[in-house]
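Student: Need a 3D model of the following:
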Amino acid sequence: MSNDNLPVKPEEEHGTALEVAEPIPDPGLEPHEPRITDIDPKAADRVERQVSAMFGLATVLVLGACVAYFAIPRDSELVFGPLSGNANNMVMGLCIGLALFLIGAGAIQWAKKLMVDEEISEDRHAAHSSPEQIAEITEAFKQGTAESGFGRRKMIRNSLIGALGVLGLPAIVFLRDLGPLPGRALYNTIWAKGIRVVNDVTDRPIKPSDLIVGQLVNAAPANLAPLQEENATEYQNAKAKAAVIVVRIKPSEIRTKPGRENWGVDGILCYSKICTHVGCPISLYEQTTHHVLCPCHQSTFDLSDSAKVVFGPAARPLPQLPLAVDSEGYLVAQSGFQEPVGPSFFERG
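Tutor: Below is the predicted model of the structure:
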């Protein structure tokens, strides 16, 4: 398409660029009006006391939250008509929330009433700063620090430092709610020598004859069920680590890892059911390839080759549980797992 008939902009005639006037004139900056604190030292001192009081009260409220954490019983409640809530949580939340509000309000009051408020304009410049500009910026920062009164108004400075300093104290105190350190709990399960392998659904002990080649069964240790009546929380924690899958594969198709030659029984192998990526339970089994898939992030493990990872983000094979047969013909564990089950943690690396 030809451009011959397109209209020519006035500023492009004869190949010259003409300046186009702005449609709206630049209003410039309004005349500066001094604040009461700029001309009345008593007003400035009064604002300084107000700001310091806000910072000081914020300090007291943060300390109050720490005291409430220990002083108010965990099961106590506050009732406001039809509404109610945990007293411990409400008092701590109000104290910390008000402390943050007062620190913010004090900073705004300080900036609006005491810091220099003259407006300035500056032309846009290149993003890269020259050494001269860096020196100028450094000098401007020092000047701004001096004009803010941070060094001169010691009452505000010290109260702000105190308020911000104690603000981290509740985070340290509240670490107590994380409970005791796990110690070696992450390394161990309730599996031990002689513990029978039972069906996870029926709780019936499993014999080798109960499994056919290609079958996978979700299983658990026999000592898990009694925990359900004794302590529900302990039961759930134990089950989350002790759940296993039992699979039967043709012995000729198994590639045994050195040192594990006697960990299976006639092609029956037992592995942790907990994915080594982020701990999801796995049991999606493909008989022809002996692969088991984690439904969360598709980590895939080859059960015929020591459950090594063949696909996905998991970094470690599924831990294997050594199996044997007891005097009554039931599958039992030779020992507990030889390595921690589930995903990695700090101490494990």
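Student: Could you use CA atoms for every contact and neighbour count after this?
Tutor: Will do.
Student: Let me see the contact set for residue 157.
Tutor: If you count contacts by Cα atoms under 8 Å, 6 or more residues apart in numbering, residue 157 has them with 150-151.
Student: Report pLDDT for it.
Tutor: Model confidence at residue 157, expressed as pLDDT, equals 82.
Student: CA atoms only for the strand or helix carrying it - export them in CSV, please.
Tutor: Mapping residue 157 onto the secondary structure by DSSP states H and E places it in helix 154-167. Listed next in CSV are the C-alpha coordinates belonging to helix 154-167 (Å, rounded to 0.1, in the frame of the first residue of the first chain):
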residue,chain,number,x,y,z
LYS,A,154,17.5,11.4,70.4
MET,A,155,14.1,10.7,72.1
ILE,A,156,12.5,9.7,68.9
ARG,A,157,15.6,7.8,67.7
ASN,A,158,16.0,5.8,70.9
SER,A,159,12.3,5.0,71.3
LEU,A,160,12.1,3.8,67.7
ILE,A,161,15.2,1.6,68.1
GLY,A,162,13.6,0.2,71.2
ALA,A,163,10.3,-0.5,69.6
LEU,A,164,11.8,-2.2,66.5
GLY,A,165,14.3,-4.0,68.7
VAL,A,166,11.7,-5.8,70.8
LEU,A,167,9.5,-6.5,67.8
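Student: I'd like the distance between residue 262 and residue 291.
Tutor: Noted for residue 262: a distance of 22 Å to residue 291, by Cα to Cα, to the nearest Å.
Student: neighbour-wise, which of these two wins?
Tutor: Neighbours per residue (other Cα atoms under 10 Å) separate residue 262 from residue 291, with residue 291 holding more: 21 against 12.
Student: and residue 188, backbone torsions?
Tutor: Main-chain torsions, residue 188, degrees, to the nearest 10: phi -120, psi 150.
Student: which residue packs closest to it, ignoring adjacent ones?
Tutor: Sequence neighbours aside, residue 340 is the residue nearest to residue 188 in space, at 6.5 Å (criterion: Cα to Cα, 6 or more residues apart in numbering).
Student: swap in residue 286?
Tutor: Beyond its immediate neighbours in the sequence, the residue positioned closest to residue 286 (Cα to Cα, 6+ apart) is residue 292, lying 6.3 Å away.
Student: pLDDT at residue 12, what is it?
Tutor: Reported pLDDT at residue 12 in the predicted model: 47.
Student: typo on my end, it should be residue 183
Tutor: In this model, residue 183 is scored at 74, pLDDT.
Student: and what of residue 19?
Tutor: pLDDT recorded at residue 19 is 58.
Student: related to what we said a few turns ago, please name every helix or strand in contact with whichever strand or helix holds the residue nearest to residue 286.
Tutor: Residue 292 belongs to strand 291-293 when elements are defined using DSSP H and E. If contacts are counted by 3 or more Cα pairs under 8 Å, 6 or more residues apart in numbering; DSSP states H and E, strand 291-293 sits against strand 284-286, strand 300-302.
Student: Same question for the first one: list its buried residues.
Tutor: This means strand 284-286. Residues of strand 284-286 classed as buried: residue 285 (neighbour count, 16 or more other Cα atoms under 10 Å).
Student: Give me the sheet partners of the strand holding residue 292 and which way each runs.
Tutor: strand 284-286 (antiparallel), strand 300-302 (antiparallel) (DSSP bridges).
Student: average pLDDT across it?
Tutor: Averaged across strand 291-293, the pLDDT comes to 96.
Student: contacting residues around that strand?
Tutor: Strand 291-293 has contacts (Cα under 8 Å, 6+ apart) with 282-286, 299-304.
Student: please redo it, this time with the cut-off set to 10 Å
Tutor: Taking contacts as Cα atoms under 10 Å, 6 or more residues apart in numbering, the residues outside strand 291-293 that touch it are 216, 273, 275, 281-286, 298-305, 307-312.
Student: Many thanks, have a good one.
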